[in-house]
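Asks: My questions are about this predicted structure, shown below with the sequence.
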Amino acid sequence: TPYLLAFAISRITGQLIFAGLSIRESVRQGLWSAPQINLKRMFHKSPRLWRFVFTTNVDGMVRVFRELDIFVINAFLGSTSVAFYKIARSLTSALGKLTGPFYQATYPELAHFTAQKDYDGMIRMMKHTSLSLGIFVCLGWLIFIMIGPFILPTVFGPEYADAYQISVAC
C-alpha cells in the first residue's frame, strides 16, 4: 500500500506539473486566453501541436503496455509474485546497463559503414559484435546461476532469496 500510494502521488504530481507547464507555454505563445479557449485557433496557429499531442499519448500507451506484465502477474499470482518479478526485472536491467555501452560504441562505426555503403562490412561487424555481446551476457548469466543464491541474500537481504529463480528466468 505505501508503494502504491507513493507511486500514485508521484504520477499525479508529475502529470499536474506537466499540465501546468503546458498551460504556461500556451499562454506565452498567445494560444490560451483566460476566459475562453479556442482550440481551433490554437491548433491552427501551432500545427505542430497535433504531433505533440499524438507523441505524448503514444508515449503514455507504450508505458502502459510496458507495465502490462505487472498487472497480468498480479492477477494470476498475487502481489508477492509481482514484488519478486519487479526485483528480478531490476536485477536483469543491471545487465542491460553493462551491455548498453556496446551499442553506443558501435553506432559511429555502423554510421560509417552506411555512409560508405559497405553493407557487407556492416553485417560482419554486427555479427561479430552480437557474438561478443552474446558470449558476455551468457557468461554473466551462468555466473549469476552459480552465485545468485548466495549473492542475493547477502547483498540485498534474506527476503530477496526467493527472487533468484525468477531472476534466472528473466
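Replies: Looks like it arrived, so ask away.

Asks: Now do stretch 143-160, average pLDDT.
Replies: For stretch 143-160, the mean pLDDT works out to 88.

Asks: Please work out which residues outside it touch it.
Replies: Contact partners of stretch 143-160, identified using CB atoms under 8 Å, 6 or more residues apart in numbering, comprise 87, 161, 163-164, 167-168. To be clear about C-beta, it is placed using only N, CA and C from the backbone, and glycine gets the same treatment.

Asks: how about stretch 80-94: buried residues?
Replies: Judged by neighbour count (16 or more other CB atoms under 10 Å), stretch 80-94 contains these buried residues: 82-85, 87-88, 91-92.

Asks: quick revisit: quick one: which of the contacts of stretch 143-160 has the most company?
Replies: Ala163 (23 neighbours; other CB atoms under 10 Å).

Asks: residues in contact with that residue?
Replies: Taking CB under 8 Å, 6+ apart, we find Ala163 in contact with 84, 87-88, 91, 152.

Asks: does Trp32 count as helix, strand or coil?
Replies: Using DSSP: H, G, I helix; E, B strand; the rest coil, the structure places Trp32 in coil.

Asks: For Tyr160, grab the count of nearby residues.
Replies: Taking other CB under 10 Å as the neighbour definition, Tyr160 ends up with a count of 19.

Asks: Please convert the buried residues of stretch 80-94 to JSON lines, extending it with distance to Ile23, secondary structure and pLDDT.
Replies: Formatted as JSON lines, the buried residues of stretch 80-94 follow (distance: CB to CB, whole Å; DSSP: H, G, I helix; E, B strand; the rest coil; pLDDT from 0 to 100):
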{"residue": "Val82", "distance to Ile23": "36", "secondary structure": "helix", "pLDDT": "83"}
{"residue": "Ala83", "distance to Ile23": "38", "secondary structure": "helix", "pLDDT": "83"}
{"residue": "Phe84", "distance to Ile23": "42", "secondary structure": "helix", "pLDDT": "83"}
{"residue": "Tyr85", "distance to Ile23": "38", "secondary structure": "helix", "pLDDT": "86"}
{"residue": "Ile87", "distance to Ile23": "39", "secondary structure": "helix", "pLDDT": "82"}
{"residue": "Ala88", "distance to Ile23": "40", "secondary structure": "helix", "pLDDT": "84"}
{"residue": "Leu91", "distance to Ile23": "41", "secondary structure": "helix", "pLDDT": "79"}
{"residue": "Thr92", "distance to Ile23": "40", "secondary structure": "helix", "pLDDT": "79"}
